[in-house]
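Student: pasting the structure only:
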C-alpha cells in the first residue's frame, strides 16, 4: 500500500448528502450510513444539507444532528436550489480527507463504502465511481426508458471526455478531498454529474469504477429526476467540451490555472524542450502536473512544488511510479536544495517560475547546484518589459525578461548559454489588449480556448518565420 493510502486509512471520510423532501426515508438512510463499516481506522462525518424542504425534513435533520452531535452536521439552504448547489455547500463545509456522495434515500447501499474507497486507499485512484451497470450478484430491474437515458448520457459523456465509464450518472462517487475541493462546481441541479465527470477527465485524474447494487425508486416512491434534467445533463456535457473550468480559483491563481488547460500549447512547449532533455530530469514548479505528465520518463524524473496542495496532487498523479519522485522545492529556500542534493540530475526544467522570484540570481545559482557537470538548465520566461501589465501583477511576476537580460544573468552565475529563442508570437496582441490596455485581472477562458484551438497552425507558421514571441526559451549548460 502507498504512503498516502496508509494515511487515508487513519483519516476521516466525509459523507455528503443533499436532502430535499425525504421525510419518509431520511432517518433510515442516515442510520444505515452511520452503521456502515469503514475500512482501516477511518472515521466518518455525515453532512446533511437541506435544500429547502417543505415536508418536515428540516426538523428531522435538526433532530439527527442533535442526536449524533459531532458525527452528523446539519446545514440549511435558504431556498430550494438543487442537488448541485447542496453538494457544493457540503464540499465547502467538509473536513475529511476522503469524500463520498450519498443520496438521501434507500436506492444505494452504504455497506458498499469499503468497496468504493478501496482503490483510493490502495493509492491507485483519485476518484471512484460506483457503477449500477457493471456485473454483480443482484440488481433491481430498471425502468427501461430511465436506464436507456442513463446509458445514452454515459456514452455521450465518454465520447467527449475519453473515459470509458459504464455509469456516469451514478450517485455513488468517492474522491480524494484534495481533488474534490479544488474542482469548481457550477451546476445547481443534476447537471453536477456530467460536470464533475468532464472536469476530472480534463484534470486527468486516475478514475476507477466498481460494481454496486442499486434499488431504484419509482416516481410514485419519490424519485425526482426527470426528462428535463436529462436535457440539462446533455447541455452540460456539450458545455464542458468547450469550457475548461476544472480548477477552483481560490486554490490557486486563475490565470495560471487557465493557462494550464491550454493542452495544445502545453504539448507545443514540451515539443520545444524535448531535444535538450537528458536522462535524469528535475522539474521546478510542477503544479498540477499538466506538463510533468508529458515529460519523458527515462532514468529519473523529479517533480517539485512549494505548496502542500500541489504536492498532494503530484503524489496522486505519480504514486507507484518508480521512475518519478516528488519533492518539495522552493527556489528561495536553500534547505530544500540541501535535502535534494547536489549534482542529482543532468537536466533542470524551469518553466514560467523564475519571474516569480525576487532574487532570481540566487535561484539560478541554486538550480545550477542540482546539475551534474555540463548538465543543462532549460528555462522558459515571459519576454519584453513593454508587455508588463495587469496579468503579470496578478500572478506575482517581478519582471519580464529580454534576451540580453537573461543571457547576462545566466553567465553571471556560471552557465554557458547554448541557445535562446522566442515562441508564441500570436499571443502578443491578446496579451497587450487584455493586460496593458484593458488591465483585466482574469483571463478569458473563451479566448484561451480559441487560441489553443489554433495552436497547431501557429506552431507551423513559427517553424517557418523568425517571429518574436511572448515567451523566451533559453538552454544553458553548467560551466565548470
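Tutor: Noted; the coordinates are in hand. Remember, it's a predicted structure, so these values are computed and weren't measured experimentally.

Student: what pLDDT does residue 205 get?
Tutor: Each residue has a pLDDT score; the one for residue 205 is 86.

Student: Go ahead and measure how far stretch 381-393 is from the middle of the chain.
Tutor: Put simply, stretch 381-393 sits 27 Å off its chain's centre (Cα atoms, centre = their mean, to the nearest Å).

Student: Which positions in that stretch come out as buried?
Tutor: With burial defined by 16 or more other Cβ atoms under 10 Å, the residues of stretch 381-393 counted as buried are 381, 382, 383, 384, 387, 388, 389, 390, 391, 392. The way it works is simple: take the backbone N, C-alpha and C, and place the C-beta from them, glycine included.

Student: quick one: which of those residues is nearest to residue 134?
Tutor: Of all the buried residues of stretch 381-393, residue 134 sits closest to residue 391, with 46.1 Å by Cβ to Cβ.

Student: The closest one: what's it in contact with?
Tutor: Counting by Cβ atoms under 8 Å, 6 or more residues apart in numbering, residue 391 makes contact with 255, 431, 434, 435, 440, 441, 443.

Student: before we move on, back to that, which members of the buried residues of stretch 381-393 define the maximum pairwise distance?
Tutor: Taking Cβ to Cβ as the measure, the buried residues of stretch 381-393 span a maximum distance of 18.5 Å, between 381 and 390.

Student: how about the helices in the stretch 251-400 of the chain?
Tutor: Secondary structure of the stretch 251-400 of the chain (DSSP state H, counting those that start in this stretch): helices at 254-260, 263-273, 308-318, 334-340, 360-369, 390-395.

Student: Which strands and helices lie in contact with the second one?
Tutor: The helices and strands touching helix 263-273, judged by 3 or more Cβ pairs under 8 Å, 6 or more residues apart in numbering; DSSP states H and E, are helix 445-453, helix 455-464.

Student: by contact count, what packs against the last one?
Tutor: The elements that helix 455-464 packs onto, with contact taken as 3+ Cβ pairs under 8 Å, 6+ apart, are helix 263-273.

Student: by how many degrees do the helix it packs on and helix 445-453 diverge?
Tutor: Interaxial angle of helix 263-273 relative to helix 445-453 (axes from the mean of the first three to the mean of the last three Cα atoms, to 10 degrees): 50 degrees.

Student: for helix 263-273, which positions count as buried?
Tutor: Buried residues in helix 263-273, defined by neighbour count with 16+ other Cβ under 10 Å: 265, 266, 267, 268, 269, 270, 272, 273.

Student: Also stretch 460-474?
Tutor: Buried residues in stretch 460-474, counted by 16+ other Cβ under 10 Å: 462, 469, 470, 471, 472, 473, 474.

Student: before we move on, what about stretch 297-306?
Tutor: Buried residues in stretch 297-306, counted by 16+ other Cβ under 10 Å: 300, 301, 302, 303, 304, 305, 306.

Student: pLDDT value on the fourth one, please?
Tutor: Spelled out, that is residue 303. pLDDT, residue 303: 96.

Student: List the beta-bridge partners for the nearest residue to residue 273 once chain neighbours are set aside.
Tutor: Ranked by Cβ to Cβ, 6 or more residues apart in numbering and with sequence neighbours excluded, the top spatial neighbour of residue 273 is residue 378, at 5.6 Å. Beta-bridge pairing of residue 378 under DSSP bridges involves residue 349, residue 475.

Student: Please, where are all the strands along the stretch 51-200 of the chain?
Tutor: Taking DSSP state E, counting those that start in this stretch to define them, one finds strands in the stretch 51-200 of the chain at 72-76, 98-101, 127-131, 173-176.

Student: of all the ones you listed, which lies closest to residue 243?
Tutor: Between residue 243 and the strands of the stretch 51-200 of the chain, the tightest spacing by Cβ to Cβ is seen for strand 127-131, at 19.8 Å.

Student: Given that closest one, what are its sheet partners and their directions?
Tutor: Here, using DSSP bridges, strand 127-131 pairs with strand 173-176 (antiparallel), strand 207-211 (parallel).

Student: quick one: that strand to chain centroid distance?
Tutor: 17 Å.

Student: average pLDDT across that strand?
Tutor: pLDDT averaged over strand 127-131 gives 94.

Student: Other residues contacting it?
Tutor: Contacts to strand 127-131, defined as Cβ under 8 Å, 6+ apart, come from residues 108, 112, 115-120, 165-168, 170-176, 179, 200, 205-212.

Student: ok, residue 201 to residue 434 distance?
Tutor: The gap separating residue 201 from residue 434 is 28 Å, by Cβ to Cβ, to the nearest Å.

Student: actually residue 213, sorry about that
Tutor: Using Cβ to Cβ, one gets 52 Å for the distance from residue 213 to residue 434.

Student: So for the two, which sits in the more crowded spot?
Tutor: The neighbour comparison of residue 213 against residue 434 (other Cβ atoms under 10 Å) goes to residue 434, with 19 against 16.

Student: want to throw the contacts of residue 391 into CSV with distance to residue 192?
Tutor: Conversion of the contacts of residue 391 to CSV gives the following (distance: Cβ to Cβ, whole Å):
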residue, distance to residue 192
255, 26
431, 34
434, 31
435, 34
440, 29
441, 28
443, 25
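
Student: Out of the residues you listed, grab the one that's most surrounded.
Tutor: residue 443 (23 neighbours).

Student: so is it in a helix, a strand, or just coil?
Tutor: Residue 443 falls in the coil class when you classify it by DSSP: H, G, I helix; E, B strand; the rest coil.

Student: That one contacts residue 433, correct?
Tutor: No. If you go by Cβ atoms under 8 Å, residue 443 and residue 433 don't touch, sitting 11.7 Å apart.

Student: Turn the buried residues of stretch 460-474 into CSV, including pLDDT and secondary structure.
Tutor: Output for the buried residues of stretch 460-474, formatted as CSV (pLDDT from 0 to 100; DSSP: H, G, I helix; E, B strand; the rest coil):
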residue, pLDDT, secondary structure
462, 95, helix
469, 95, coil
470, 95, coil
471, 96, strand
472, 96, strand
473, 97, strand
474, 97, strand
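
Student: Out of these, which comes closest to residue 337?
Tutor: Closest approach to residue 337 among these (Cβ to Cβ): residue 474, at 20.6 Å.

Student: measure that closest one to residue 425 for me?
Tutor: Residue 474 is 17 Å from residue 425, by Cβ to Cβ.

Student: Also residue 15?
Tutor: From residue 15 to residue 425 the distance is 51 Å (Cβ to Cβ).

Student: Ranking the strands of the stretch 51-200 of the chain by mean neighbour count, which comes first?
Tutor: strand 98-101 (a mean of 26; mean count of other Cβ atoms under 10 Å).

Student: Give me the mean pLDDT for that one.
Tutor: Mean pLDDT, strand 98-101: 96.

Student: From the chain's centroid, how far away is that strand?
Tutor: 16 Å.

Student: for stretch 377-392, same thing?
Tutor: That offset, for stretch 377-392, works out to 25 Å (Cα atoms, centre = their mean).

Student: residues touching residue 46, list them.
Tutor: Counted by Cβ under 8 Å, 6+ apart, residue 46 has contacts 15, 17, 30, 33, 34, 68, 71, 72, 73.

Student: in the chain, which ranges drop under the pLDDT threshold?
Tutor: Scanning the chain for pLDDT under 70 picks out 1-9, 135-146, 216-227, 247-261.
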